[in-house]
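1. Okay, here's the prediction I keep looking at, along with the sequence it came from:
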Amino acid sequence: MNRTLARHAVVAPLLLLEGCGSAAPAPAAPASANGMSGPSATAPASTNPVADTRTHEEAHALVMRAAGCWFGGEWADALGEEDSTKENAVKARCRDLENRVWSGATDKTHYEQLRALEMNAVADVVAKVDDTARNDAVDRARRDALVKLTTALAEEQRELMAARRAADRVKRDLDHEPEKLTADEVDAVVPLRANAKLEALLGFNEDGLGREANALGLLCALDRVELARGLPKHLKLYAVVDELHFLFGVNVPRVPQDATTKLVPGTWLKFLSDASAAAGYPVSQDAKTPKERDALAWAGMLEGFSDKLKSDADAIGDTTPLRQVVTVALHRLEAEYQAQQNAEATKHPAALR
């Protein structure tokens with residue numbers, strides 16, 4: 001399934017409707033002896049605040065709906081959706097977004113454009129966020145920031161989509177069309193290394209939305225890490241080198257200008273090990289074989305992502321589905337890391353003593 005074409009989450013609307021009625025107004029309370037109205041001259045004023053019945057954070061909820069639709073499979077995985085349930089849930093989230101953006105319309109063209117992140121569909125989503133924020137009691141003050149966040153997310157998702165398509169072509173060539181591999185490897189380098197939109201999303205920090213933007217950016221970065229699985233080592237490096245440098249400060253190794261040129265032996269393993277160490281999880285010296293060290297370094301790098309996601313999750317309100325998605329994602333990364341550590345411990349029991 002092409003996960004880039006399905007991205008959306010279900011967020012319950014927060015719209016409260018003020019009750020209306022035709023009952024006659026209650027008669028005024030009789031005046032007290034000191035001339036003050038009320039049942040008692042000494043009765044304290046009510047401390048219960050009057051409920052604000054205007055909409056609250058509807059524009060923000062719409063941004064989260066867009067995120068759920070555009071992330072698609074990754075969002076569904078975090079929510080525990082599997083098999084046909086997963087596919088149907090992804091479609092439902094995008095249909096819900098479609099209905100809200102185009103006022104309840106059900107249109108195949110709109111739906112497909114939305115899933116494909118086509119320019120006109122994204123522009124309509126952004127315009128709907130803008131219009132919704134303008135009429136929202138809470139979101140009006142951060143209207144520009146919500147519009148910018150929606151735009152930044154869409155641009156990174158489009159950048160990510162191009163990278164995934166390039167990676168998928170190479171993987172297909174490896175399995176079925178090796179005669180096309182050389183040309184597709186060359187063509188894959190630019191989209192795999194494109195990360196300007198990712199860095200913009202990770203660096204977004206306006207009107208209290210920085211943590212959410214960073215979490216969304218980390219989820220995108222994890223998607224890039226995932227697409228690197230199964231690629232030849234030299235392309236695997238192109239797929240993750242810049243984002244791991246940006247996130248963990250690991251040095252970027254020298255790579256061939258010609259994408260069909262194989263890496264100097266050990267380049268990938270050294271970079272991945274350095275990334276794991278920079279993330280705070282150096283590979284154990286007990287691991288001797290390249291296969292062992294690669295697996296531990298990969299797990300350590302992912303655990304570094306988990307730490308970053310945890311910092312964001314703690315700062316994201318629990319009224320948004322992003323909190324749940326991020327929390328589940330970081331727990332899964334932690335589980336993968338621990339499983340790898342346990343597997344290594346069985347190979348080197350002396351390390352436990």
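-> Sure, I can see it. Please read all numbers here as calculations on a predicted model, not as lab measurements. Numbering: from 1, shown residues only.
2. Surely residue 317 and residue 215 touch.
-> No. Counting by Cβ atoms under 8 Å, residue 317 stays clear of residue 215, with 11.8 Å between them. The C-beta positions use only the backbone N, C-alpha and C, and glycine is treated the same way.
3. who's more crowded, the two?
-> residue 215 (26 against 11; other Cβ atoms under 10 Å).
4. Without its sequence neighbours, what residue ends up closest to that one?
-> Distance criterion Cβ to Cβ, 6 or more residues apart in numbering; nearest residue to residue 215, sequence neighbours excluded, is residue 312 at 4.0 Å.
5. Extract the CA atoms of the one helix or strand residue 223 maps to and return them as CSV.
-> In the assignment (DSSP states H and E), residue 223 maps to helix 210-228. What follows is helix 210-228, C-alpha atoms only, in CSV (Å, rounded to 0.1, in the frame of the first residue of the first chain):
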residue,chain,number,x,y,z
GLY,A,210,6.7,24.3,18.2
ARG,A,211,6.3,21.0,20.1
GLU,A,212,3.6,19.7,17.8
ALA,A,213,5.5,20.8,14.7
ASN,A,214,8.6,19.1,16.0
ALA,A,215,6.7,15.9,16.7
LEU,A,216,5.2,15.9,13.2
GLY,A,217,8.7,16.5,11.8
LEU,A,218,10.1,13.6,13.8
LEU,A,219,7.3,11.3,12.5
CYS,A,220,8.2,12.4,9.0
ALA,A,221,11.9,11.7,9.7
LEU,A,222,11.0,8.2,11.0
ASP,A,223,9.1,7.6,7.7
ARG,A,224,12.4,8.4,5.9
VAL,A,225,14.3,6.0,8.1
GLU,A,226,11.7,3.3,7.3
LEU,A,227,12.0,3.8,3.6
ALA,A,228,15.7,3.3,3.9
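6. That one: what's the following helix or strand?
-> helix 233-248.
7. just checking, what packs against that next one?
-> Helices and strands touching helix 233-248, by 3 or more Cβ pairs under 8 Å, 6 or more residues apart in numbering; DSSP states H and E, are helix 143-175, helix 181-193, helix 196-202, helix 210-228, helix 267-278, helix 290-313.
8. So for residue 102, which of those sits nearest?
-> Nearest to residue 102 among the helices and strands packed on helix 233-248 is helix 143-175 (15.9 Å), distances taken as Cβ to Cβ.
9. and that closest one, average pLDDT?
-> In this model, helix 143-175 has a mean pLDDT of 95.
10. What of stretch 238-252?
-> Here the average pLDDT along stretch 238-252 is 95.
11. One more: stretch 297-304?
-> 97.
12. I would like the residues contacting that stretch, please.
-> If you take Cβ atoms under 8 Å, 6 or more residues apart in numbering as the criterion, stretch 297-304 is touched by 222, 225, 244, 247-248, 269, 272-273, 275-283, 333-334, 336-337, 339-341.
13. ok so, going back, what are the buried residues along the helix holding residue 223?
-> Burial within helix 210-228, assessed by neighbour count using 16 or more other Cβ atoms under 10 Å, is assigned to 210-228.
14. so it versus helix 290-313, what angle?
-> 160 degrees (axes from the mean of the first three to the mean of the last three Cα atoms, to 10 degrees).
15. Give me the contacts around helix 210-228.
-> 3, 67, 71, 74, 149, 152-153, 156-157, 160, 163-164, 167-168, 198, 201-202, 204-205, 235-236, 239-240, 243, 247, 301-302, 305, 308-309, 312-313, 315-316, 320, 322, 325-326, 329.
16. of these, buried ones?
-> 3, 67, 71, 74, 149, 152-153, 156-157, 160, 163-164, 167-168, 198, 201-202, 204, 235-236, 239-240, 243, 247, 301-302, 305, 308-309, 312-313, 316, 320, 322, 325-326, 329.
17. For residue 112, see how far away the residue positioned nearest the centre of the chain is.
-> Central residue of the chain (Cα atoms, centre = their mean): residue 216, 3.1 Å from the mean position. Residue 216 sits 23 Å away from residue 112, taking Cβ to Cβ, to the nearest Å as the criterion.
18. contacting residues around the closest residue to residue 128 other than its chain neighbours?
-> Spatially, and ignoring its direct neighbours in sequence, residue 128 is nearest to residue 101 (4.7 Å; Cβ to Cβ, 6+ apart). Contacts of residue 101 were listed using Cβ under 8 Å, 6+ apart, and they are 110, 114, 124-125, 128.
19. So residue 97 versus residue 128, what's the distance?
-> According to Cβ to Cβ, residue 97 and residue 128 sit 9 Å apart.
20. typo on my end, residue 59
-> 9 Å.
21. Kindly report the same for residue 136.
-> 12 Å.
22. Same drill for the two, tell me which one is more crowded.
-> residue 136 (24 against 20).
23. Dihedrals phi and psi, that one?
-> phi -110, psi 130 (degrees, to the nearest 10).
24. was I right about it contacting residue 57?
-> Yes. Counting by Cβ under 8 Å, residue 57 is a contact partner of residue 136 at 6.8 Å.
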